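Student: Structure, please.
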Amino acid sequence: QVQLVESGGGLVQPGGSLRLSCTASGFTLDYYAIGWFRQAPGKERERVSCIASSAISSFYYAEHVKGRFTISRDKAKNTVYLQMDSLNPEDTAVYYCAADRLCAWQEPHYEYDYWGQGTQVTVSS
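Tutor: A predicted model of the protein is given here:
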């Protein structure tokens, strides 16, 4: 059974950091592009970052997280991470990871095949 599980969310003060994890079971993440998305209450889901499969080895970031968020992959743990630094209240959302063959970063409405259940990130003092 193909499954993605996010973890690492929580409550953090403005300026703080969190590291989200996306762990897969039933398939090898290394062969897939893994995207991070987020959805805040009352807002549409938006893309945050994507790491292409290891064979392609490309990274993509939304403009509003560039320089603050870092995506990475740990092949041995079958896990993709999203390191989030300098968090601000506008980063508050449910964060999801998703897997597909491609990041398709040039296609804003591209639908990924597999999704996790999400993890809540709240940035507040």
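
Student: Now stretch 76-95: buried residues?
Tutor: Residues of stretch 76-95 classed as buried: 79-82, 84, 87, 91-95 (neighbour count, 16 or more other Cβ atoms under 10 Å). For the C-beta atoms, the positions are set from N, CA and C on the backbone; glycine is no exception.

Student: Mind picking the two most distant members of those residues?
Tutor: The most widely separated members of these, counting by Cβ to Cβ, are Thr79 and Thr92 (23.6 Å).

Student: where does the chain have low pLDDT?
Tutor: Applying pLDDT under 70 to the chain picks out no residues at all.

Student: 90 instead?
Tutor: Low-confidence segments of the chain (pLDDT under 90): 1-2, 27, 54-57, 107-110.

Student: Residue nearest the middle of it, spatially speaking?
Tutor: Trp36 (2.3 Å; Cα atoms, centre = their mean).

Student: What strands line up against the helix or strand where it lies, and which way round?
Tutor: Secondary structure from DSSP states H and E places Trp36 in strand 33-39. Paired neighbours of strand 33-39 in the sheet (DSSP bridges): strand 46-51 (antiparallel), strand 93-100 (antiparallel).
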